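> With the sequence up front, the predicted model follows.
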Amino acid sequence: MSAKPVILIVDDERNTRDGLARALRGDHEILLAENAQVGLELLKKHAVDLVLTDLRMPGQDGMAFIQAIQTLADPPLVIMLTAYGTIQTAVDAMRHGAYDYLAKPVDLDNLEMVVRRGLESRRLRAENEALRRQLDPRFGMEGIIGNSPAMNSVFEMVRQVAPARSTVMLTGESGTGKERIANVIHRLSPRAAKPFVVVHCASLNPNLLESELFGHEKGSFTGAHERTLGRFERADGGTLFLDEIGEIDASTQIKLLRVLENRNVERVGGAATVEIDVRLIAATNKDLKALVDAGRFREDLYYRLNVVCIELPPLRRRLEDVPLLLTHFLKEFTRENSKTLNGFTPEALKVLTAYAWPGNVRELRNTVERMVVMARGTSLTLGDVPPEVRAGVSAALEPKAVAAAAAAGAESPTLDLASQERSLIVRALQECQGNRSLAARRLGIGRRTLYRKLDEYGIKEDG
């Protein structure tokens, strides 16, 4: 939300729009629209917190407008206003996603109370969503997407190790999310309120890396015009993440080992020791044990760093997570680029979920961004999939048919986000043997929301 909550008022009667704006302006930013089409355009351009909309308007009516709002990535709350109020209208509005319903002429005191209550509800919903994304296994933790056995194993280890002060080693290929996992460990630890400091070891030459890690005194080398604290001191009380730890030279390895053993640092050019309290997380995409055997990495430092080792799986070992990742990044980039896309066609999805993703999640994220930016239709088709991804798919996908469809720019019925949501609900009900309360908890939603979704998607008692 902005400093002031943003309210969009949609009504074809100018006097009504102006009157509502006068009543709410001051504590809120106000946007005005004379019909649903203009309202939707404003919603694409502005972060709106709450919509007040008339029911009967020329063109698209208020009920259809509510349904269109619910398809947005982050839909605002909606309050329906109408002079044609009936109990059934209220029920229909709520069923289609409205937060509340008020009859015209509007009692302004009651309106202000409902708006205030609605905005507070939205704030709490945002906080709960943030918490759910940390705990909901469909989203992994802290927004890291994954529900495969390989990622659930990683999440379980993260939960176990986060409260400790032990050093952690993160291993895995480039692009698997090591820095994000390190950040999650920090945020779930008792050190969360203290700094999380990152050093990319491979990007610094040995002399500069030593100064960056341990700091230096004024005059200790050419250009050292003042005392500078190192990353260890800056991370005091918090967490220091050393990425690409296998790239540090022998001299820095010795000094790093001394810091881990004595829990103090000596600045370059200084004689005094500075006590520190830092939790160290290191990461590498190399086989450190092989570097030890080759004499390129100190064995004693290796064992100091490798107290707890968490291996992050490459994406090709958890392809079942690809649909979740595709949906997540599609929402992110359609929102960032102000585009409306229905989803991926089955042909496109088939290729994207079969590709080995050698660049892992980073490559997948970049691919979706490219597809969204370059998309010309209402769905992402096989023709939108980058050629290198199509070429990398195995022969099991009938490459002749794939190539023909790509050349034709195949458009077919989309496997859209709603279809994927329906599939997740059905799967949850099946896994919970029809227990709706348990399914709602597993999905991370309330029971009322689940009941509304069951009705919306026509899902019967047997799933």
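Nice, thanks for sending it over. Numbering: from 1, shown residues only.
> Am I right that residue 112 sits in a helix?
Yes - membership of residue 112 in a helix is supported by DSSP: H, G, I helix; E, B strand; the rest coil.
> Touching, it and residue 26? I think so.
No - distance between residue 112 and residue 26: 10.8 Å, which falls outside the contact criterion (Cβ atoms under 8 Å). Any C-beta I mention is one placed from the backbone N, CA and C, and that applies to glycine too.
> Compare those two and say which is more crowded by neighbours.
Neighbours per residue (other Cβ atoms under 10 Å) separate residue 112 from residue 26, with residue 112 holding more: 14 against 8.
> and that one, what does it touch?
Counting by Cβ atoms under 8 Å, 6 or more residues apart in numbering, residue 112 touches 23, 24.
> measure it to residue 21 for me?
Noted for residue 112: a distance of 13 Å to residue 21, by Cβ to Cβ, to the nearest Å.
> What residues of stretch 235-252 count as buried?
Of the residues in stretch 235-252, 235-236, 238-248, 252 count as buried by neighbour count, 16 or more other Cβ atoms under 10 Å.
> Mind putting those residues into CSV with secondary structure?
Rendered in CSV, the data for the buried residues of stretch 235-252 read as follows (three-state DSSP):
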residue, secondary structure
235, coil
236, coil
238, coil
239, strand
240, strand
241, strand
242, strand
243, strand
244, coil
245, helix
246, helix
247, helix
248, coil
252, helix
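> Can you say which two of those are spatially most distant?
Checked with Cβ to Cβ, the buried residues of stretch 235-252 reach their widest spread between 236 and 246, with 25.5 Å between them.
> Residue 189 in helix, strand or coil?
Assigned state for residue 189: coil (three-state reduction, three-state DSSP).
> Run a quick neighbour tally on it.
Residue crowding around residue 189 was assessed by other Cβ under 10 Å; the count is 19.
> thinking it is in contact with residue 239, fair?
Yes - if you go by Cβ under 8 Å, residue 189 and residue 239 touch, sitting 7.1 Å apart.
> any residues in contact with both of those two?
Overlap between the contact sets of residue 189 and residue 239, as judged by Cβ under 8 Å, 6+ apart, is given by residue 279.
> so what's in contact with residue 112 and residue 26 at the same time?
Taking Cβ under 8 Å, 6+ apart as the contact criterion, residue 112 and residue 26 have no common neighbours.
> on that earlier part again, pick the one among the buried residues of stretch 235-252 closest to residue 185.
Using Cβ to Cβ, residue 239 comes nearest to residue 185 of the buried residues of stretch 235-252, at 7.3 Å.
> Check that closest one and give its pLDDT.
Reading off the per-residue confidence, residue 239 sits at a pLDDT of 96.
> next one: residue 134
48.
> show me where pLDDT drops low in this protein?
Across the chain, the ranges flagged by pLDDT under 70 are 1-2, 84-87, 90, 125, 127-143, 394-421, 442-444, 461-463.
> got the domain boundaries for it?
6-133, 149-313, 316-413, 417-457 (automatic domain parsing).
> Strands of the stretch 1-150 of the chain, start to end?
Assignment of strands within the stretch 1-150 of the chain using DSSP state E, counting those that start in this stretch yields the ranges 6-10, 29-33, 50-54, 77-82, 100-103.
> same check, this time on the stretch 251-400 of the chain
Using DSSP E, counting those that start in this stretch, the strands of the stretch 251-400 of the chain run over residues 264-266, 273-275, 279-284, 308-311, 343-344.
> Tabulate these in JSON lines, adding columns for mean neighbour count and distance to residue 423.
Written out in JSON lines, the entries for these read as follows (neighbours: other Cβ atoms under 10 Å; distance: least, Cβ to Cβ, whole Å):
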{"stretch": "strand 264-266", "mean neighbour count": "19", "distance to residue 423": "53"}
{"stretch": "strand 273-275", "mean neighbour count": "13", "distance to residue 423": "55"}
{"stretch": "strand 279-284", "mean neighbour count": "25", "distance to residue 423": "35"}
{"stretch": "strand 308-311", "mean neighbour count": "16", "distance to residue 423": "30"}
{"stretch": "strand 343-344", "mean neighbour count": "25", "distance to residue 423": "12"}
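> Out of those, the one nearest residue 37 is which?
Between residue 37 and those, the shortest gap by Cβ to Cβ is with strand 343-344, which sits at 22.9 Å.
> now for that closest one, which elements pack on it?
In this structure, strand 343-344 makes packing contacts with helix 322-336, strand 415-416, helix 417-431, judged by 3 or more Cβ pairs under 8 Å, 6 or more residues apart in numbering; DSSP states H and E.
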